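>>> Okay, predicted coordinates and the sequence, questions at the end:
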Amino acid sequence: MNSDQTTRPELPPRVLGLDVGSKRIGLAVSDPLGITAQGLETIRRQNKRLDLEELGKIIRQYSVSEIVVGYPLRLSGAEGTQSEKMQRFAEDLRKKFGLPVHLWDERLTSSQANRLLREMELSIQKRAGAVDRMAAVLILQNWMEARESARDC
């Protein structure tokens, strides 16, 4: 093998978690072992094309093999307008990237994220910026734990 053919260890595929809002997309990625979710920098939404471009960069950077999108259900569990928007967004992701996209019930993740951030005593301004990232972490972490529980059964 010559010096141009240096081999890099194959990175394990990761899972990307998204908390999609009208203004921002919170991001989280699984660690290399698929045990914990780690928050990434939030994307400020612009338009569909640019949002998907930004997500494409993240997908390539982290060798993402699956995507989990927070699925906003009503407290009763019923679907609403936001649920339909996320179904369309998930379908856009499938078409654009050819990856499996899972919708995951995100009820209460934003309020849980806010509570955790309040406990950390972040200022309101810092909390506003961090809540989307924290919600994405919670969505992805809950999905990974549920998947692991299903495997153990």
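Nice, I can see it.
>>> ok, and what's touching the host helix or strand of E53?
In the assignment (DSSP states H and E), E53 maps to helix 48-61. Contacting residues not belonging to helix 48-61 are listed as 16, 18, 25, 27, 29, 40, 43, 45, 64, 67, 92-93, 96-97, 99 [Cβ atoms under 8 Å, 6 or more residues apart in numbering]. In this view, the C-beta of every residue, glycine as well, is placed from N, C-alpha and C.
>>> out of the residues you listed, who has the most neighbours?
Among the contacts of helix 48-61, the one with the most neighbours (other Cβ atoms under 10 Å) is L18, at 28 neighbours.
>>> Give the full set of residues in contact with it.
By Cβ under 8 Å, 6+ apart, the contact set of L18 is I25, G26, L27, L55, I67, V68, V69, G70, A136, I139.
>>> change it to 6 Å
Residues in contact with L18 (Cβ atoms under 6 Å, 6 or more residues apart in numbering) are I25, V69.
>>> For it, list each beta-bridge partner.
Beta-bridge partners for L18, by DSSP bridges, are L27, V69.
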